[in-house]
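Participant: Have a look at this prediction, sequence included:
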Amino acid sequence: MLPLQWQSPMTSTEIYLLLAILGALLVTGGVVYARRRALPPAKAPPELPAGEADRALAPGPEAPVRRPPEAPVRPLTPEELARAAEQERYVQGLARTRGGFVAKLARLFRGRPRVSAELRDEVESVLFTADIGAKAAQKLLDQVTDLLNTSDVADADKVWTVIRSAARQILNVPAAPLDYSPNPPPYVLLMIGVNGVGKTTTLGKLAAFHKAAGRRVLLVAGDTFRAAAGEQLEIWARRVGCEIHLGKENADPSSVIHDGIARGAREGFDVVLCDTAGRLHTKKELMDELQKIRRSCAKALARARGVGESDVHGPHDTFLVLDATIGQNALAQAVLFKETMDFTGLVLTKLDGTAKGGVVLGVCDELRVPVRFIGIGEKIDDLRPFDPDAFVEAMFGDPQ
Ligand SMILES: Nc1nc2c(ncn2[C@@H]2O[C@H](COP(=O)(O)OP(=O)(O)OP(=O)(O)O)[C@@H](O)[C@H]2O)c(=O)[nH]1
């Protein structure tokens, strides 16, 4: 029997081809293995110092957000700059008053979110000891009480809003603006008040104010009682660069003022500012003297205008000067002056040196005569035309 012979399914060519492929695969695998062994081991990334890891992990800066371009900041106009500077002067001038009763009032509401009987009593007590006069204090208190009665929540912001609005109402005494250009000129102003309140200083500052506005100013030294008063006014005249009309020592003040006004009219001055001696409102003969001075003003102006004496009643303006540092006494002074002498405006001086600036509210409320100027220092430009809004903002705007 023939041995059984194995019959391969491939041809011999196919077998050789398969063996060649297997050989090639073995050689390639060996080369790769050998190369791997020859390469240095791959380095681990270096460790980050403490903290840097967190930073590194922190999300990166946000991708910049595209915003619409900001509107360019508008520069302030000269008027706005002047207004801001003026407000700043008020703020500085009233710093002490703000630190006085206004600060006390502000403290009452701090840390007290609820309205209580105790809070009401304390508000009342601060207002009535604030040198603003009983009537003005009552008006402010009425408004604050109305507000506190409507809610249990002591909302300090609302209280300030109410106080500011009540103060504005009191200070806005209706009055025509001052007319410095009467026809014919000059505009004549008489300054009156008790001793040492700041009449001469205010006249000097006013002379500077008018000069800066381009007006020709004549100062008239109507205080013939005190030799030094004339000299003081002369110093102001030199400082301001304006002219002065001086009488002889102890001359009749009415005649000095009459002659000063006549000279002002004759020589074409725009403004004639007349000083008078300080006097107590309780001295009858001195108050009579003021009446006589007023009549002399009228007489001189009537002559200058070529009209009858009965057609002119006095100077264009008479300002009563009050020293704010004496608080409610200034109010009492003003009330008594008014009984004998008419005045068209008030000047409150020395507001810079007192916490009693609230007296301005008291005099406006009691007399209903407009405050025309305030003195906030001794320097030549420390006199400001009175602006009720600026005053209220400076006094109650930023209670500490
Ligand atoms: N701090 C401050 N001092 C002022 C102000 N106004 C006037 N004074 C000062 O008050 C003092 C008296 O001012 P005068 O102008 O002499 O007062 P007067 O009313 O003319 O005085 P008599 O002529 O004596 O009646 C002076 O030392 C002035 O410098 C002001 O607004 N602030």
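Facilitator: Here it is on my side, so go on.
Participant: Please name the nearest non-neighbouring residue to H281.
Facilitator: L336 (4.1 Å; C-beta to C-beta, 6 or more residues apart in numbering). C-beta here means a position set from N, CA and C on the backbone, and glycine is covered the same way.
Participant: just the helices in the stretch 301-400 of the chain please.
Facilitator: Per DSSP state H, counting those that start in this stretch, the stretch 301-400 of the chain carries helices over the ranges 328-340, 359-367, 388-396.
Participant: Need the winner for burial among those.
Facilitator: helix 359-367 (a mean of 25; mean count of other C-beta atoms under 10 Å).
Participant: quick revisit: let me have the helices of the stretch 301-400 of the chain in TSV, extended by distance to D121 and mean pLDDT.
Facilitator: Listed next are the helices of the stretch 301-400 of the chain as TSV, based on distance: least, C-beta to C-beta, whole Å; pLDDT from 0 to 100:
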stretch	distance to D121	mean pLDDT
helix 328-340	21	92
helix 359-367	21	95
helix 388-396	21	92
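Participant: Now render the ones you listed as TSV, adding distance to C274.
Facilitator: Compiled in TSV, those are given as follows (distance: least, C-beta to C-beta, whole Å):
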stretch	distance to C274
helix 328-340	17
helix 359-367	22
helix 388-396	27
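Participant: Which among the ones you listed is found nearest to L141?
Facilitator: Smallest distance to L141 across the helices of the stretch 301-400 of the chain (C-beta to C-beta): 12.5 Å, for helix 359-367.
Participant: And that closest one, what does it pack against?
Facilitator: When contacts are defined as 3 or more C-beta pairs under 8 Å, 6 or more residues apart in numbering; DSSP states H and E, helix 359-367 packs onto helix 134-149, helix 156-171, helix 328-340, strand 345-349, strand 371-375.
Participant: so where is the stretch 251-400 of the chain shaky, pLDDT-wise?
Facilitator: Across the stretch 251-400 of the chain, the ranges flagged by pLDDT under 70 are 398-400.
Participant: Get me the contact residues on it for the ligand.
Facilitator: With C-beta under 6 Å from any ligand atom as the criterion, the stretch 251-400 of the chain comes near the ligand at residues G278, T349, K350, D352, G353, G375, I376, G377, E378, D382.
Participant: Recalculate using a threshold of 8 Å.
Facilitator: 275, 277-279, 321, 323, 349-353, 374-378, 382-383 (C-beta under 8 Å from any ligand atom).
Participant: And those residues, which of them are buried?
Facilitator: Buried members of those, counted by 16 or more other C-beta atoms under 10 Å: 275, 277-279, 321, 323, 349-353, 374-377, 382-383.
Participant: Give me the subset of those residues lying in strands.
Facilitator: Cross-referencing those against strands under DSSP state E gives V321, D323, T349, I374, G375, L383.
Participant: just curious, which of the residues you listed is nearest to S125?
Facilitator: Taking these together and measuring to S125 by C-beta to C-beta, the closest member is D323, at 25.8 Å.
Participant: how close does that closest one sit to R112?
Facilitator: According to C-beta to C-beta, to the nearest Å, D323 and R112 sit 36 Å apart.
Participant: since we're on G111, how many residues are nearby?
Facilitator: 7 (other C-beta atoms under 10 Å).
Participant: Quick check: it is in a helix.
Facilitator: No. Counting by DSSP: H, G, I helix; E, B strand; the rest coil, G111 falls outside a helix, being coil.
Participant: quick one: the spatially closest residue to F101 that is not a sequence neighbour from R112, how far?
Facilitator: Using C-beta to C-beta, 6+ apart and skipping residues adjacent in sequence, the residue nearest F101 is A130, 3.6 Å away. Distance of A130 to R112, computed by C-beta to C-beta: 19 Å.
Participant: can you map out the strands along this structure?
Facilitator: Using DSSP E, strands in the chain cover 187-192, 217-221, 243-246, 271-274, 317-323, 345-349, 371-375, 383-385.
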